[in-house]
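Asks: Output the structure for:
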Amino acid sequence: MDREELDRVVSTLSGISDDLVKSYHQLARKADRVENELGIANAELAEKVGELEAILQALPTGVVVRDESGRVLRANEAALNILGRSVEDLLLGGPIPPLEKADEPLEFTRPDGTRAYIASRMSGMRTPVGKQFGTVEILDDQTVVTRLNQRIHRMDKMAALGTMAAGIAHEIRNPMNAIKGFADLLLRSEALSGEEHKETRWASNISKGVTEIETIIQSMLTFADPEPLNSEVVDSEQLLQSAIETATVHLDAELWQIDVECYALEFVGDRIKLRQAIRNLISNSIDAMPDGGRILVELFLDSDELCFRVSDNGPGIAPEDARRLTDPFYTTRAEGTGLGLTLVHTIAEVHGGRVNISPEASSLGGARISIRIPFVPSTCN
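Replies: Residues are numbered from 1 along each chain as shown. So this is what the prediction gives:
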């Protein structure tokens, strides 16, 4: 290769080199610009993610995000509180199915045993082409609203029942008193003095039936329009023993083993009404175990509440019955009136408390019903 051709090759290579250098600088500038734009985009994205996270945590409703297998990917603080679960339980646990969708709030039992009413709505997350890759579930804790509605519904029923009871009490009592009076006259007559007369049994049954009707009427009037509290200092041990005695006075007490666990204290309350309520709970346990069984009567202080609890080893209470047992005239026994637990509920309410009917078995294997009222120490009397 001669000198002229060599210079021409060198010149060509130099031009190519200059082009490559220019292209490199152009690419470098473009790379810097893209990197800068990506940095700005990432910063903006991080800011948006932070805003969404703040909104998510500030929402009063629960939000649970799941993947396609049901595993929880994210849950806000409200969801954790509503479900009574920790972040570790949800994120590190296995797939958790969503709550069943329903028109009404569903009763939900948290891991600690407390119950809540939760409304659930769910929506699928989809890609632009329509493929679902997860779900978002919205949880709304409607416990307070549901219980208020239940209380209003109950108050409406009680008001209607009170109006009816007041209206029929006068109309029924007069003829019932006359019937009982004539039945008692027949029992005292010389002609029916012998026990062998069937008329004696009939007259006795008539008198007993009228007495039962009077008891039912009085119960209706009591829980429809309860008398004000007659507060006094109450000895807890004496209260429980008195309630047990009145519940078993006409029974063969040996059939039932009744144990008492009492946190001995004095408090202020209506002794007569509380004794009646506890007696009704004990009587319910006895009626559920006609052939005998075990009953545990407890009284203890739980924070600022007094808890009276009666448990037994009977057949227990079905969940569908537990919700309705305090309704007037609702009973699971053919011979029951359905007024006993309604009266217990009324007595608890006039003390500012409530009745808890556990749908789960007691420590003895049967029913467990509690009365909770605010604790008023005797020093406040």
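Asks: Disregarding residues adjacent in the polypeptide, which is nearest to Ala169?
Replies: Of all residues not flanking Ala169 in the chain, Ile217 sits nearest, at 5.4 Å (CB to CB, 6 or more residues apart in numbering). C-betas here are computed from N, CA, C, even on glycine.
Asks: Mind checking what secondary structure the one you found has?
Replies: Secondary structure, DSSP: H, G, I helix; E, B strand; the rest coil: Ile217 is helix.
Asks: Where does the record place the domain boundaries for this structure?
Replies: 58-141, 146-224, 232-380 (automatic domain parsing).
Asks: Count the residues that sit near the residue nearest to Ala169.
Replies: When neighbours are counted by other CB atoms under 10 Å, Ile217 registers 17.
Asks: And Ser123, by the same measure?
Replies: 9.
Asks: Repeat that for Ile371.
Replies: 25.
Asks: Helix, strand, or coil at the nearest residue to it once chain neighbours are set aside?
Replies: Nearest residue to Ile371 in three dimensions, chain neighbours excluded: Phe308, at 4.3 Å (CB to CB, 6+ apart). At Phe308, secondary structure determined by three-state DSSP is strand.
Asks: what about the helices in the stretch 101-250 of the chain?
Replies: 143-188, 198-224, 236-248 (DSSP state H, counting those that start in this stretch).
Asks: Could you double-check that Asn284 sits in contact with Arg368?
Replies: No: with contact defined as CB atoms under 8 Å, Asn284 and Arg368 do not form a contacting pair (11.5 Å).
Asks: any residues in contact with both of these two?
Replies: Val310 (CB atoms under 8 Å, 6 or more residues apart in numbering).
Asks: hey, least reliable of the domains of the chain by pLDDT?
Replies: Among these, domain 146-224 has the lowest mean pLDDT, at a mean of 72.
Asks: Only C-alpha atoms, please: export the host helix or strand of Ala277 in CSV.
Replies: Assigned by DSSP states H and E, Ala277 belongs to helix 271-288. Extracted C-alpha coordinates of helix 271-288, given in CSV (Å, rounded to 0.1, in the frame of the first residue of the first chain):
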residue,chain,number,x,y,z
ARG,A,271,-80.8,-7.1,96.0
ILE,A,272,-84.3,-8.4,95.3
LYS,A,273,-84.1,-7.9,91.5
LEU,A,274,-80.6,-9.4,91.3
ARG,A,275,-81.6,-12.4,93.4
GLN,A,276,-84.6,-12.9,91.0
ALA,A,277,-82.3,-12.7,88.0
ILE,A,278,-79.7,-15.2,89.3
ARG,A,279,-82.5,-17.5,90.5
ASN,A,280,-84.0,-17.5,87.0
LEU,A,281,-80.6,-18.5,85.5
ILE,A,282,-80.2,-21.3,88.0
SER,A,283,-83.8,-22.5,87.3
ASN,A,284,-83.1,-22.5,83.6
SER,A,285,-80.1,-24.8,84.2
ILE,A,286,-82.2,-27.1,86.4
ASP,A,287,-85.0,-27.2,83.8
ALA,A,288,-82.4,-28.1,81.1
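Asks: ok, and what's touching stretch 352-371?
Replies: Outside stretch 352-371, the residues that reach it (CB under 8 Å, 6+ apart) are 274, 277-278, 281, 284-285, 288-289, 293-294, 296, 305, 307-319, 322, 325-326, 341, 344-345, 347-348, 372-374.
Asks: Buried deepest among the helices of the stretch 101-250 of the chain, which one?
Replies: Greatest average neighbour count among the helices of the stretch 101-250 of the chain goes to helix 236-248 (a mean of 18), per mean count of other CB atoms under 10 Å.
Asks: could you pull out the strands for this protein?
Replies: For the chain, the strands defined by DSSP state E cover 62-67, 72-75, 106-109, 115-126, 132-141, 232-235, 256-262, 266-269, 293-302, 305-312, 354-357, 368-374.
Asks: Adding distance to Asp184, write those strands out as a markdown table.
Replies: Output for the strands of the chain, formatted as a markdown table (distance: least, CB to CB, whole Å):
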| stretch | distance to Asp184 |
| --- | --- |
| strand 62-67 | 65 |
| strand 72-75 | 71 |
| strand 106-109 | 51 |
| strand 115-126 | 50 |
| strand 132-141 | 59 |
| strand 232-235 | 36 |
| strand 256-262 | 33 |
| strand 266-269 | 37 |
| strand 293-302 | 35 |
| strand 305-312 | 36 |
| strand 354-357 | 38 |
| strand 368-374 | 37 |
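Asks: In the sheet, which residues pair with the closest residue to Ile244 other than its chain neighbours? Tell me.
Replies: Using CB to CB, 6+ apart and skipping the chain neighbours, the partner closest in space to Ile244 is Ile258 (5.7 Å). Judged by DSSP bridges, the bridge partners of Ile258 are Ile295.
Asks: In this structure Ile258 contacts Ile282, no?
Replies: Yes: here Ile258 lies in contact with Ile282, judged by CB under 8 Å, at a distance of 7.3 Å.
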